[in-house]
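A.B. asks: Sharing a sequence plus its predicted fold:
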Amino acid sequence: MKSFEDLEVYKKAFEFSINIFNLSNQNSINRNIVYQLERAALSISNNIAEGFELQSNKQFVKFLYIAKGSCGECRNLLSISYRINQRKKNILN
């Protein structure tokens with residue numbers, strides 16, 4: 001591999017970030033959640049890229065774990081957003 005852009009995991013993380021930004025621009029999600037979700041989504045691909053560029057397997061693994069933590073943060077924020085949206089729908093019905 002010559003660059004982090006060649007990594008399949010980076011490509012998926014990159015697309016995930018794009019999808020999150022598209023989603024956050026279309027929906028009326030709480031702005032605080034949106035900002036945190038966007039930052040966490042960006043953190044995934046950023047940490048993969050940064051870890052790769054350090055050219056040390058030990059450092060790369062460390063940054064992959066940080067990226068994994070950001071994935072968990074995104075899952076949590078998306079779950080919270082989903083539940084809030086479901087409650088709004090139930091109140092309106």
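C.D. replies: Thanks, I have the structure now.
A.B. asks: The residue nearest in space to the middle of the chain and I18: what is the separation?
C.D. replies: Central residue of the chain (C-alpha atoms, centre = their mean): A41, 2.1 Å from the mean position. Distance, A41 to I18, by C-beta to C-beta, to the nearest Å: 9 Å. Just so you know, the C-beta spots here come from the backbone N, C-alpha and C atoms, and that holds for glycine as well.
A.B. asks: Disregarding flanking residues, what is the spatial nearest neighbour of S43?
C.D. replies: In this structure, S43 finds its nearest non-sequential neighbour in S70, 4.0 Å apart by C-beta to C-beta, 6 or more residues apart in numbering.
A.B. asks: on that earlier part again, would you mind confirming that the residue nearest to the centre of the chain makes contact with C74?
C.D. replies: Yes - contact status for A41 versus C74: in contact at 5.7 Å, counting by C-beta atoms under 8 Å.
A.B. asks: shared neighbours, the two?
C.D. replies: 16, 20 (C-beta atoms under 8 Å, 6 or more residues apart in numbering).
A.B. asks: Centre of the chain to the helix or strand containing the residue nearest to S43, how far?
C.D. replies: Element membership of S70 [criterion: DSSP states H and E] is helix 57-92. Taking C-alpha atoms, centre = their mean, to the nearest Å, one finds helix 57-92 lying 7 Å from the centre of the chain it belongs to.
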